[in-house]
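Q: Compute the structure for the input listed below.
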Amino acid sequence: MSKPRKKLKPAEEHYLWVSSGGICAFDECHQPLVFDDIGTIVNVADKAHVIAHSTDGPRGDEREKYGLSEEDIDSYKNLILFCKNHHKIVDDNEERYTPDILFEMKRKHEDWVRTRLQEVQSSIAIIHKTMGPPTDHITLANKMNLKMLGLISFQERLDDSPKIPWDQIKNKNLEKYRNIMELMKKYEGTVIDIFPLSQIPLLIHLGSLITDTIPVNIFQYDRNKQEWVLGSPGKVILEELGLKANTIIKNSKVLVVSIGITSKIEHEDITEVINLEESDFLEITVQDPKVDKVIFSEQVAEVKSCFKRKVEELIQENRYKEIHLFYAGPSGLAVEIGRSINANMWPHVHLYHFMYRNNPRYEDTFCI
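A: This is a model prediction of the structure:
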């Protein structure tokens, strides 16, 4: 007997509909799933499972192959919006419509919707930039083809400050987060776009406030091209990250996490501020770390998933009292790392700021 189906959280339901554009995701169908029938709003959508909720259902025996847990099976990542006709066609033809084909159909459709939406997209924009000169939001909106219904701008030059007042800046982050929530209520259903280029602790903290229950677009700044990017262009083949997660377990109640994406994090720099000999250690690295190693949202999602999965496994096994997070990576990924931190399930996470010329090079800023 299968367990009852879990309902999507409101934010996840919203994300599923926005990412599908409110139209059938079957190739070339594009039938509107909600329409006005002489004053009555009619919903003809089916939330179809790629891998069935029940192991007896269509493709239901393949959940292990695709790494879907009991939590994931009813989540938006395993759901695709179809019209009723195409839902029946897909489930009646399992051999033809395999999970690979359906997941690819979902990805292609959502990419198509994202491209179309960006041409006329209305958004709440969050510009979080405390490194380098300020960004003109009007120029940014025109360049990104965005209609900004609301703007939260945190632009305060900190990269040339000899000493950053972390507690004060953290409180400003909280204030900006409250402003974001107010705009979300005012413009319900509007896309949130984040443009981050700030010190890492501030971005991780911002992400932890927003959490991963709120669907957002987090852009990254491509320093080589000097432009903001989101998903990869259509025919670009993304470089394999060579992602690795290595652990050293010493049965400690302290976990040190090192994420080296844009550069390698040297152990000697960490040991200047915390004793690695008496801590459990998780090191996440990529092959050939460099500034533009992780640029697009697909790559960000891969690193975020690895971080969240490994840390939560270790928390469950060892019940840590505190986590110390050392990070060298792009700004957009830093926000997503913060969105992975579950305040209800994780211990306090200490955040560190890197300055090469300082001694020690890592500064303990604050915890979340």
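Q: Give me the pLDDT value at the residue most central in space within the chain.
A: For the chain, residue 336 is the residue whose C-alpha lies nearest the centre (Cα atoms, centre = their mean; 4.2 Å). We have a pLDDT of 96 for residue 336.
Q: Could you find the closest non-adjacent residue to it?
A: Closest residue to residue 336 apart from its sequence neighbours, by Cβ to Cβ, 6 or more residues apart in numbering: residue 304 at 4.5 Å. C-beta here means a position set from N, CA and C on the backbone, and glycine is covered the same way.
Q: and the host helix or strand of the one you found, average pLDDT?
A: Using DSSP states H and E, residue 304 sits within helix 297-318. Average pLDDT, helix 297-318: 94.
Q: and that helix, how far out from the chain's middle?
A: 11 Å (Cα atoms, centre = their mean, to the nearest Å).
Q: Next: stretch 4-21.
A: On Cα atoms, centre = their mean, the centre of stretch 4-21 falls 16 Å from that of its chain.
Q: what ranges do the helices span in the stretch 51-200 of the chain?
A: Secondary structure of the stretch 51-200 of the chain by DSSP state H, counting those that start in this stretch: the helices cover 84-92, 99-120, 137-143, 166-186, 200-210.
Q: Please identify the most buried of those helices.
A: The highest average neighbour count among these, using mean count of other Cβ atoms under 10 Å, belongs to helix 200-210 at a mean of 25.
Q: how many degrees apart are it and helix 166-186 in direction?
A: 40 degrees (axes from the mean of the first three to the mean of the last three Cα atoms, to 10 degrees).
Q: now the stretch 51-200 of the chain, which segments are flagged as low pLDDT?
A: By pLDDT under 70, the low-scoring segments of the stretch 51-200 of the chain are 116-121.
Q: Let me see the domain layout of this structure.
A: 10-97, 121-229, 244-367 (automatic domain parsing).
Q: can you list those in JSON lines and add distance to residue 114?
A: Shown next, in JSON lines, are those (distance: least, Cβ to Cβ, whole Å):
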{"stretch": "domain 10-97", "distance to residue 114": "7"}
{"stretch": "domain 121-229", "distance to residue 114": "8"}
{"stretch": "domain 244-367", "distance to residue 114": "9"}
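Q: Quick check: chain neighbours aside, which residue is closest to residue 172?
A: Closest to residue 172 by Cβ to Cβ, 6+ apart is residue 154, at 6.7 Å.
Q: thinking again about what came up before, show me the one of the helices of the stretch 51-200 of the chain that comes nearest residue 250.
A: With distances scored as Cβ to Cβ, the stretch of the helices of the stretch 51-200 of the chain nearest to residue 250 is helix 200-210 (25.1 Å).
Q: Check which residues of whatever helix or strand residue 364 lives in are buried.
A: Using DSSP H and E, residue 364 sits within strand 362-367. For strand 362-367, burial by neighbour count (16 or more other Cβ atoms under 10 Å) applies to 362, 363, 365, 366, 367.
Q: Save these as TSV, and put in pLDDT and distance to residue 309 too.
A: Putting the buried residues of strand 362-367 into TSV (pLDDT from 0 to 100; distance: Cβ to Cβ, whole Å) gives the following:
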residue	pLDDT	distance to residue 309
362	96	25
363	95	29
365	97	26
366	97	26
367	95	22
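Q: Just name the closest of these to residue 211, please.
A: Checking those one by one against residue 211 (Cβ to Cβ), the nearest turns out to be residue 367, at 16.9 Å.
Q: follow-up on the earlier one: the helix holding residue 304 vs helix 99-120, what angle?
A: 120 degrees.
Q: Can you spell out which helices and strands pack onto helix 297-318?
A: strand 217-218, strand 244-248, strand 254-260, strand 280-285, helix 331-340 (3 or more Cβ pairs under 8 Å, 6 or more residues apart in numbering; DSSP states H and E).
Q: Of those, which shows the lowest average pLDDT?
A: For the helices and strands packed on helix 297-318, where the average pLDDT is lowest is strand 217-218, sitting at a mean of 92.
Q: continuing past it, what's the next helix or strand?
A: strand 220-222.
Q: buried stuff in whichever helix or strand comes after that next one?
A: Tracing the chain past strand 220-222, the next element assigned as helix or strand by DSSP H and E is strand 227-229. Buried residues in strand 227-229, defined by neighbour count with 16+ other Cβ under 10 Å: residue 228.
Q: Who are the packing partners of strand 227-229?
A: Checked by 3+ Cβ pairs under 8 Å, 6+ apart, strand 227-229 has helix 137-143, strand 220-222 packed alongside it.
Q: Mind checking those for the one nearest to residue 73?
A: Across those, closest to residue 73 is strand 220-222 (Cβ to Cβ), at 30.7 Å.
Q: How many neighbouring residues does the residue nearest to residue 336 have?
A: Other residues lying near residue 304 total 21 when counted by other Cβ atoms under 10 Å.
Q: give me every residue that touches it.
A: Neighbouring residues of residue 304 by Cβ atoms under 8 Å, 6 or more residues apart in numbering: 333, 336, 337, 339, 340.
Q: Spatially nearest residue to residue 346 (excluding sequence neighbours)?
A: Using Cβ to Cβ, 6+ apart, the nearest residue to residue 346 is residue 315, at 6.3 Å.
Q: can I assume the one you found is in contact with residue 342?
A: No: look at residue 315 against residue 342 with Cβ atoms under 8 Å: they stay out of range, at 9.3 Å.
Q: okay, the buried residues of strand 362-367 in TSV with distance to residue 276 next?
A: Compiled in TSV, these are given as follows (distance: Cβ to Cβ, whole Å):
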residue	distance to residue 276
362	12
363	17
365	19
366	21
367	19
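Q: which one of those sits closest to residue 47?
A: When the buried residues of strand 362-367 are compared against residue 47 (criterion: Cβ to Cβ), the nearest one is residue 367, at 38.9 Å.
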